[in-house]
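*Asks:* what's the 3D shape of this:
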Amino acid sequence: MKTEIFAVSNQKGGVGKTTTSVNLATALSSLNKKILIIDLDPQGNATVSFGLKRALGGPSSYSVLTGQHPIEQAIQKTMLPNLFVLPASQELLGVDLELAGTQNPQFYLKKALEQVSDFDYIFIDCPPAVGMLTLNALVAATQVIIPIQCEYLALEGVADLMKTINKIKQNFNPNLNIQGVVLTMYDARFNLAKSIQNDVRSFFGNLVFKTIIPRNVRIPEAPSHGKPVMLYDFKSIGAQSYIHLAAEVLQRQQGENHG
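*Replies:* Numbers count the residues shown, from 1 in each chain. Purely as a prediction, here's the structure:
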């Protein structure tokens, strides 16, 4: 099986990109899949979610992108035997300027990932902006997962992301597909959440996953303990929803591979 590379992306901040990357990856790793998470967000939240420290000057996603370290040197183990992290560094903040004058800067991550072949899935946690980091992620990826929170202005910026994906497909990466749209932070008590769910489903159709990630206090609590929510509170509704989402992702993958 070839390595499937997911870019988890949305230009809007606070929609659940890191939460989805971390917990979907954890759920898949528990199903005997070997997973790598690449933290491309300067905030480093995916790194911290596994109790790891953001790299300072050492091997990191930044040093891999800028050619200072081979990717094998920068990958770190987590508390889960099948799950590995390429940690972020604050130095990622300067990447747009650093790569701007170089040749084909959008291909750096893709080239780095050609050195690793033993992962079933790679998740790239993208920053909330379409700069050089997100472009690198989308050029390297085979699939995009788009988290959309069930709140006011949820679809704002999504049309721009779709345009970016289409441009990258046309110019750099014809193999890029949208794996699916994940509705996050859903609160069934509010009519607004229900109407946004309907809007998103009518806009994206079958691309929207059936599984909805609810608002659940365990999900934002877990990273402060350096754990994914599945390890923090397996029985919580948040953990269980990511297990269901992982099953749905696998189902789609199998459908594509047989299609």
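*Asks:* What are the contacting residues of stretch 157-164?
*Replies:* Stretch 157-164 is contacted from outside by Ser9, Asn10, Gln11, Lys12, Val130, Thr134, Leu138, Ile146, Ile148, Phe203, using CB atoms under 8 Å, 6 or more residues apart in numbering. Any C-beta I mention is one placed from the backbone N, CA and C, and that applies to glycine too.
*Asks:* hmm, which of those residues are the buried ones?
*Replies:* Among these, those classed as buried by 16 or more other CB atoms under 10 Å are Ser9, Asn10, Gln11, Lys12, Val130, Thr134, Leu138, Ile146, Ile148.
*Asks:* Tell me the one of these nearest Asn166?
*Replies:* In terms of CB to CB, no member of these lies closer to Asn166 than Leu138, at 10.6 Å.
*Asks:* Which pLDDT does the model give the closest one?
*Replies:* On pLDDT, Leu138 comes in at 97.
*Asks:* Ok, Arg189 next?
*Replies:* Taking Arg189 on its own, its pLDDT is 88.
*Asks:* how many other residues sit next to it?
*Replies:* By other CB atoms under 10 Å, the residues close to Arg189 number 8.
*Asks:* In three-state terms, label it for me.
*Replies:* Three-state call for Arg189 (DSSP: H, G, I helix; E, B strand; the rest coil): coil.
*Asks:* hmm, back to that, most widely separated two among the contacts of stretch 157-164?
*Replies:* Among those, Thr134 and Phe203 lie farthest apart (CB to CB), at 21.0 Å.
*Asks:* Apart from its chain neighbours, what residue comes closest to Thr142?
*Replies:* Of all residues not flanking Thr142 in the chain, Ile5 sits nearest, at 5.0 Å (CB to CB, 6 or more residues apart in numbering).
*Asks:* If I look at the one you found, what pLDDT would I see?
*Replies:* If you check Ile5, the pLDDT there is 97.
*Asks:* Ok, the one 4 residues further on next?
*Replies:* For Ser9, the pLDDT comes out at 95.
*Asks:* how far away is it from Leu109?
*Replies:* Computed as CB to CB, to the nearest Å, the Ser9 to Leu109 distance reads 13 Å.
*Asks:* next one: Ile71
*Replies:* Distance, Ile71 to Leu109, by CB to CB: 9 Å.
*Asks:* before we move on, what about Pro223?
*Replies:* Taking CB to CB, one finds Pro223 at 24 Å from Leu109.
*Asks:* Flag the shaky bits of the chain, pLDDT-wise.
*Replies:* Residues of the chain that meet the criterion pLDDT under 70 lie in 1, 257-259.
*Asks:* Please repeat the previous calculation with a cut-off of 80.
*Replies:* The model of the chain has pLDDT under 80 over residues 1, 55-57, 157, 255-259.
*Asks:* the helices in the stretch 101-250 of the chain, which residues?
*Replies:* 108-113, 132-140, 158-171, 191-204, 218-221, 229-232, 237-258 (DSSP state H, counting those that start in this stretch).
*Asks:* Need the ones you listed in TSV (columns: distance to Thr66).
*Replies:* Converted to TSV, these look like this (distance: least, CB to CB, whole Å):
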stretch	distance to Thr66
helix 108-113	8
helix 132-140	11
helix 158-171	21
helix 191-204	35
helix 218-221	32
helix 229-232	32
helix 237-258	31
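*Asks:* For Thr18, find the nearest of those helices.
*Replies:* helix 218-221 (10.6 Å).
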